[in-house]
Each structure stands twice: as structure tokens, then as C-alpha cells.
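J.: Below is the structure, and that's it, no one-letter string:
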């Protein structure tokens, strides 16, 4: 699994951090998404899929 | 219920699209149809009053997923396909184009439409803002008047989130904008007095006028708007009018279906309206465990969180679990980013947590009897996770309240 995030679409709601804190964080300055693990291990896939689904702006894209 | 083998999701906004996607990701393998009245595939609405109206983004930027995603997931997406009836017995959705979709389960995600002012139908220059087409029509109306050297006086009736954001965007396009709302200052109940004060200052600096009042109707000549009339008798001249005074739920198509409708579709905590029929998003009236009342949320994050929960519950059978997503919204007002958790209206004290209104960045919590029920962050996104958890847990907050 490979993750792409679109910081221009991101609205800084922080939903992805709630779902998968090991993979996403919010930039302290602008609050927008920062990717910690672009290719997360298998045990994180469910949490990352959840983050993709609940992201309110469709800013997270997954490639499997 | 035994496992369904045909599910129809009615309404292809964020809630409907997320429901369909979650059903697949949860392993549902039966037929899955997503019908939407609008001619576009699922897209994101919050940018309509911001990046789309201002012209910073072109429409394809707000598409929620590329068509290849729906193809890969095996979701039959049908834009331009309104549902007109839900069959009470046969579990089928009848479509305005004459089609009929059999369904073992139906998810209602038909959302809301704008309230209008009486007598404004067909009057040119009067706009609403709910759909992509609405946003482009308003943007074009303002741009066209500019190109023709015509008047660009815009009156925005309604000073809520939509009205204020559209007013700011239109001002950025060079329109002469008057915002009319009933509260002493825009957004007062939604974001609290401190943040609303900053918003008012931003609006003033942008040259955006605010007029307290209620728009009663549109004045026109020859089928075109020339102004609005306020309830106190004041006439405000206008070339373009945006009506942003609230919404109506799209539930008429459920008449005769037996699905309970009040303020939206009446659901239980699982998101079910009755066996086999579910609802999510703006149209869903859900019990709120924080207040004990049933209510609807027209918030973007509610749409997705409710949708995920409904999809899971639909497939879970006896394992379904009630979910009450935490209320959250954000608004961008020029250079102010305001994020709100919970609810500020109805709280009895305010405590500044960090920063200050003078610095134009602060966070504050709002309490009912020392328990945090709402929180606001202005230009301080890094504090959002902490605020969320304070509201989520209903943390006890003691100390001297901040004066508004």
C-alpha cells in the first residue's frame, strides 16, 4: 500500500490522525496533513483505509 | 436480517458516496447502486462557497473519487438519476426516469436543498448555493456583470456559514456586497462572541457591509431582481441576490413509503429508519446522546462518519452499534481559519485557553456547569486534537471565565 496526500485539498480536520496516528500527523503551523509513513506496514492498513474513508475532503489516496 | 444482495444508496453526495465505498471495503459483494439527482459524479461541497466561487479551483478539483475507483469497487454510479418513490413492500426504489431498482436494503442520503424566498422563482439575478451548478451560476453572474460593466451589487440574505463564506468570496471577485442576517454579528451562535468579533473585523476590512435584519422578499422589475426588502421596510438595492437562509430536507419522495419523516428521516442511533432502510448525512435526524434530543447535522464530517457507521451497521446484523460522531465544522473567513467542536450555543461560560483575540489566534472552551461542551480554535490548528478530546470527554474546566 502506498499513500498520497493532497495538502491543497486537506482542510485540517484531523480525522486521519484520529484514525491512524502512526501514519498521519497535522503540521503544527498550518494544521494540514503530513505523511509520516508513505508505505505503511500491513498491520496499519485497516487504520489507513479508515482514514481515507473519513477524510472530509478526499485528500488521501491509496494505491494498493 | 440475512445478508443483502442488492443495496441501493439514494443520494450521491459525500454521505451516499462514502456509504457505498464503505460497504465494499467492508466486504459486501452484492449489487450496489448509487443514484444521484445531480448530473455530476460525487463531489465535495464545502469548497463551493470558497475555492469554486472565488474561481481559485476549477470544478474537477472537488471530485471525491476518480471514476476508476467506483469501477474498481463495482459501484454502479448513476448521476442525473433522481429517486421518486420508495416502495413500502417490495423493497424497490423507483426512479424519475421510469427505472426501478430492487433493493434488499436502501440507504437514504438525499440531503437538503436551499430554502427560497416566496415569489422569487424565475426572477433573474436571484441565486441559491447548494450545488456545483449553483456555484458556477453565481460566479458567472458576477463575472458577466463585470464584463458588461453592469452593477455588481450583491445582497446575501442570511449570514450563516454559507452566506458569510460566499460574501467573502464574492467580495474577492470585486462585487459590492451587503450581508443581511438576524444575529447582532454574523456567526455569533456558531463560533462564539470572540471569534465572531474577529470575523466582523475581517469583513469590515474587506469592505463587506453587514446589515442586521431579515430579508422578506426580492424586489424586481421586468423579471430581474433590483433589490431586497427587509422585514423592517428597508429597501436595499441589488443586482444579484444570494439566498442563504437555511434548508429543507429532501424527503418528499418518501411519501407513502412508511419511512418516518419529521425534521429529516427519523433514525435510531444505528442510523436505521426501519428494518432495511437507513439514512446518513444532512437528511438524517439522529438521537444526540449529548442532549437527548433528535437532530440533524449539516456538517461535512458528520456526512462521512455517519456514512461509515451506517454501512458497517447495515452489514453487521446483531453486531450493529450506535454511533454519535462528535459535531465539528470549520470555516475559512479570508485569513481566519475557525474550527469548532461540539456546540457553543447554549453554553454558560467561556474560558480562553491559549492566545488571544488581539493576536488573531486563540483557542477557547465553552462550558455548561464547568463541563466543556464546545471549543473553538482560531488560526491554531495544532491545538485541534486537544480541543477535540476536551469536548469528547466533557472535561471539567474550572477557573475564572473569560469575559466576552
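T.: Arrived safely, thanks for sending. The structure displayed is predicted, hence computed values, not measured ones.

J.: and the closest residue to chain B within chain A, what does it touch?
T.: Of chain A, the residue with the smallest distance to chain B, taken as C-beta to the nearest C-beta, is residue A:31 at 2.1 Å. Bear in mind the C-beta positions are built from the backbone N, C-alpha and C, glycine included. Residue A:31 sits next to A:12, A:14, B:337, B:381, B:382, B:384 when contact means C-beta atoms under 8 Å, 6 or more residues apart in numbering or on different chains.

J.: cutoff 6 Å now
T.: If a contact means C-beta atoms under 6 Å, 6 or more residues apart in numbering or on different chains, then residue A:31 has A:12, B:381 as its contacts.

J.: In three-state terms, label it for me.
T.: Classification of residue A:31 by DSSP: H, G, I helix; E, B strand; the rest coil places it in coil.

J.: Give me the distance from the helix ranked longest in chain A to the chain's centre.
T.: Within chain A, and with DSSP state H defining each element, the longest helix by residue count is helix A:45-54. Taking C-alpha atoms, centre = their mean, to the nearest Å, one finds helix A:45-54 lying 8 Å from the centre of the chain it belongs to.

J.: Just give the closest residue to residue 6, not the sequence neighbours.
T.: In the absence of a named chain, chain A is used. Closest residue to residue A:6 in three dimensions, ignoring its sequence neighbours and counting by C-beta to C-beta, 6 or more residues apart in numbering or on different chains: residue A:59, at 4.7 Å.

J.: switch to chain B, that's the one I care about
T.: For residue B:6, ignoring the flanking residues on the chain, the nearest one in space by C-beta to C-beta, 6+ apart is residue B:31 at 4.3 Å.

J.: how near is the residue of chain A closest to chain B to residue B:208?
T.: Residue A:31 sits 25 Å away from residue B:208, going by C-beta to C-beta, to the nearest Å.

J.: which element is residue 22 on?
T.: Answering for chain A, as no chain was given. Residue A:22 is part of no helix or strand, with elements assigned from DSSP states H and E.

J.: think we crossed wires, I meant chain B
T.: Assignment of secondary structure by DSSP H and E places residue B:22 within helix B:14-25.

J.: by contact count, what packs against that helix?
T.: strand B:6-10, strand B:31-35, helix B:300-316 (3 or more C-beta pairs under 6 Å, 6 or more residues apart in numbering or on different chains; DSSP states H and E).

J.: Ok, which of those comes nearest residue B:282?
T.: Using C-beta to C-beta as the measure, helix B:300-316 is the one of these that comes nearest residue B:282, at 6.8 Å.

J.: tilt between the closest one and strand B:6-10?
T.: Taking axes from the mean of the first three to the mean of the last three C-alpha atoms, to 10 degrees, helix B:300-316 and strand B:6-10 form an angle of 160 degrees between their directions.

J.: So which residues make contact with helix B:300-316?
T.: Contacts made with helix B:300-316 from outside it, assessed by C-beta under 6 Å, 6+ apart, are listed as A:13, A:53-54, A:56, B:14-15, B:18-19, B:22-23, B:26, B:28, B:46, B:105, B:270-271, B:278, B:280-281, B:320, B:323, B:325, B:328.

J.: so the residue nearest to residue A:6 makes contact with residue A:12?
T.: No. Taking contact to mean C-beta atoms under 6 Å, the distance of 9.7 Å between residue A:59 and residue A:12 leaves them out of contact.

J.: Please enumerate the helices of chain B.
T.: With DSSP H as the criterion, chain B has helices spanning B:14-25, B:51-54, B:67-73, B:132-147, B:161-172, B:188-191, B:193-205, B:300-316, B:384-393.

J.: which one of these is the most hemmed in?
T.: helix B:14-25 (a mean of 27; mean count of other C-beta atoms under 10 Å in any protein chain shown).
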